[in-house]
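Enquirer: just a sequence and a predicted model for now, questions to come.
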Amino acid sequence: MDQSLHTLIQEIHASPVQATLVVSGGGSQALAWLLSVPGATRTVLEVTLPYSYPAFERFLGFRPQQFVSHETAIQMAQVAYRRARLLAAEGTPSIGLACTATLITDRPKRGAHRFHIAVRDEQGIATYSAILTKGLRDRAGEENIVSRVVLLALARSCGLQDEVHIGLFPNETLQTAYQDDPDLVLRVLRGQLPAVVVDMNRQVSTTLPQGVAILPGAFNPLHGGHLQLAHIAGQILNLPVYYELSVHNVDKPPLQEADVRQRLAQFFGRGTVVVTTAPLFEQKAALFPNSVFIVGYDTATRLVSPRYYHNDEQEMLASLQRIKAAGCRFLVAGRLHEGRFCTLADVPIPADYSDMFTAIPPELFRADISSTELRSRYAEVSTGI
């Protein structure tokens, strides 16, 4: 390591930024450089090197379309950033830095030798990419290039403007880009987006579904009753079923980021979730017009109870009218309530809105599962009670 890099790393360690770093296929020399200069504990929170394909997939939580790509580097940086937020001291600026590369090996490669680096912070994400000309360097030479760009990316994320000699040839170009906060789930939590869709492979989209079945819930935890209800409802309606998790609840405080991430993780490989800021069904209806909401007896009862509308029956009827105008309706499952299994027949639906509600026959679905009881059991197990 030359003196200019040593000085740059000293400046990085002197900054308040703390980082979680993940590198795969290249960039590991930068980690050695960082850790060899005193003060690394002020900067480095955690280092991960998922080198094998299984380790790479385990780190991301899914198998990417390409292991070395601009998009994959961003996804890696997102995961690293979430780790940094968990590990950094409160109030400390933190980043997630990721590098994925394919460099010269002991066997011929048909594809280009290339690397993609992404740095995620609170404001957004910066990316650095380049294609290295084959045959101009050995493995150590290509690794040196990648590692220098890793340090350049880290330095810039720390607010440093020092120049780093990278060593690219004239026909090679370092492409850089920056985009504002790409974490769509976080933007929902901040109130910047009304909703996002997270599929079972953890891919996120702002394109909201219409004319589908929606199963709202807190999913704390997701259990077999939810999964069975979604399956039966999908068969009855002949519609795709989406789960819906609202970060706001009429009766409870807003969900924190860690809670949302934990609950979303339960759906990996199981189903698609829409994360929304809509606690009320008329708000949900506006987001998902012409859709069917799958609810339990207790939720259906609240929908038609003036008590939940400031004891104003006209306010309740106006809300139902707005839901109906959006083309939405309800599929109602029975639930055990105060020792008795109650169904839609026990709900006092106003006559003008009875066509909006359909019952699921108890012989098709009945699951006497309480999320509160499940949480209590988990607590007993975890505490050894």
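Expert: Okay, I see it. Numbers count the residues shown, from 1 in each chain.
Enquirer: helices along the stretch 251-385 of the chain, start to end?
Expert: 257-265, 281-287, 297-303, 313-325, 371-383 (DSSP state H, counting those that start in this stretch).
Enquirer: out of these, which is closest to Leu8?
Expert: helix 257-265 (32.6 Å; Cβ to Cβ). C-beta: built from backbone N, CA, C; applies to glycine.
Enquirer: in that closest one, what's buried?
Expert: Neighbour-count burial for helix 257-265, counted by 16 or more other Cβ atoms under 10 Å, picks out Glu257, Val260, Arg263, Leu264.
Enquirer: using pLDDT, spot the least trustworthy of those.
Expert: When the buried residues of helix 257-265 are sorted by pLDDT, the bottom entry is Glu257 at 86.
Enquirer: ok, now which ones touch it?
Expert: Arg85, Leu186, Leu189 (Cβ atoms under 8 Å, 6 or more residues apart in numbering).
Enquirer: for Ile294, give the beta-bridge partners.
Expert: Beta-bridge partners recorded for Ile294 (DSSP bridges): Leu331.
Enquirer: and it, what does it touch?
Expert: Ala213, Ile214, Leu215, Pro216, Leu229, Ala230, Ala233, Val241, Phe330, Leu331, Ala333.
Enquirer: ok, now with 6 Å
Expert: Ala213, Leu215, Ala233, Leu331 (Cβ atoms under 6 Å, 6 or more residues apart in numbering).
Enquirer: can you check Gln266 too?
Expert: Gln266 makes contact with Leu222 under the criterion Cβ under 6 Å, 6+ apart.
Enquirer: redo that, cut-off 8 Å
Expert: Applying Cβ under 8 Å, 6+ apart, the residues contacting Gln266 are Phe219, Pro221, Leu222.
Enquirer: how deep is the first one tucked in, by neighbour count?
Expert: Using other Cβ atoms under 10 Å, Phe219 has 19 other residues around it.
Enquirer: mind checking the SS state of it?
Expert: Put simply, Phe219 is coil when judged by DSSP: H, G, I helix; E, B strand; the rest coil.
Enquirer: roughly how far does it sit from Leu317?
Expert: For Phe219, the distance to Leu317 equals 30 Å [Cβ to Cβ, to the nearest Å].
Enquirer: ok, the last one next?
Expert: In this structure, Leu222 lies at 34 Å from Leu317, with Cβ to Cβ as the measure.
Enquirer: what about the two, which has more around it?
Expert: Leu222 (22 against 16).
Enquirer: how about the more buried one, nearest residue that isn't a chain neighbour?
Expert: Spatial nearest neighbour of Leu222, chain neighbours left out: Gln266 (4.1 Å); criterion: Cβ to Cβ, 6 or more residues apart in numbering.
Enquirer: please apply the same query to Ala40.
Expert: That would be Leu34: by Cβ to Cβ, 6+ apart, it lies 5.7 Å from Ala40.
Enquirer: test my guess that that neighbour contacts Gln10.
Expert: No: here Leu34 lies out of contact with Gln10, judged by Cβ atoms under 8 Å, at a distance of 10.8 Å.
Enquirer: which one's more surrounded, these two?
Expert: Applying other Cβ under 10 Å to Leu34 and Gln10 shows that Leu34 carries more neighbours, namely 23 against 12.
Enquirer: that one - that's part of a strand, no?
Expert: No: counting by three-state DSSP, Leu34 falls outside a strand, being helix.
Enquirer: that older thread, how about TSV for the contacts of Gln266, with distance to Ile117 and pLDDT added?
Expert: Formatted as TSV, these follow (distance: Cβ to Cβ, whole Å; pLDDT from 0 to 100):
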residue	distance to Ile117	pLDDT
Phe219	35	95
Pro221	37	92
Leu222	35	92
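Enquirer: quick one: contacts for Ser94?
Expert: Val17, Gln18, Ala19, Thr20, Leu45, Tyr81, Ala84, Arg85, Leu87, Ala88, Asp121, Glu122.
Enquirer: the third one in helix, strand or coil?
Expert: What it means is Ala19. strand.
Enquirer: over to the fifth one?
Expert: Three states are possible here, and by three-state DSSP the one that applies to Leu45 is strand.
Enquirer: can you tell me the closest non-neighbouring residue to it?
Expert: Leu87 (4.4 Å).
Enquirer: next up, phi/psi of that neighbour, please.
Expert: Main-chain torsions, Leu87, degrees, to the nearest 10: phi -90, psi -30.
Enquirer: verify the contact between it and Glu46 for me.
Expert: Yes: using Cβ under 8 Å, Leu87 makes contact with Glu46 at a distance of 6.1 Å.
Enquirer: what do these two both touch?
Expert: Contacts common to Leu87 and Glu46, judged by Cβ under 8 Å, 6+ apart, are Thr20.
Enquirer: show me where the stretch 51-200 of the chain has its helices.
Expert: 53-60, 70-87, 139-157, 184-189.
Enquirer: which stretch among these comes nearest Thr176?
Expert: helix 139-157 (8.9 Å).
Enquirer: what sits up against the closest one?
Expert: Here helix 139-157 makes contact (Cβ under 8 Å, 6+ apart) with 5, 8-9, 11-12, 17, 19, 21, 23, 26-30, 33-34, 95, 97, 99, 101, 103-105, 113, 115, 117, 119, 121, 126, 128, 130, 132, 137, 162, 164-168, 174.
Enquirer: now the buried members of these.
Expert: 5, 8-9, 12, 17, 19, 21, 23, 26-30, 33-34, 95, 97, 99, 101, 103-104, 113, 115, 117, 119, 121, 126, 128, 130, 132, 137, 164, 166.
Enquirer: out of the residues you listed, which are inside strands?
Expert: Per DSSP state E, strands hold the following members of the buried ones among the contacts of helix 139-157: 19, 21, 23, 95, 97, 99, 101, 113, 115, 117, 119, 126, 128, 130, 132.
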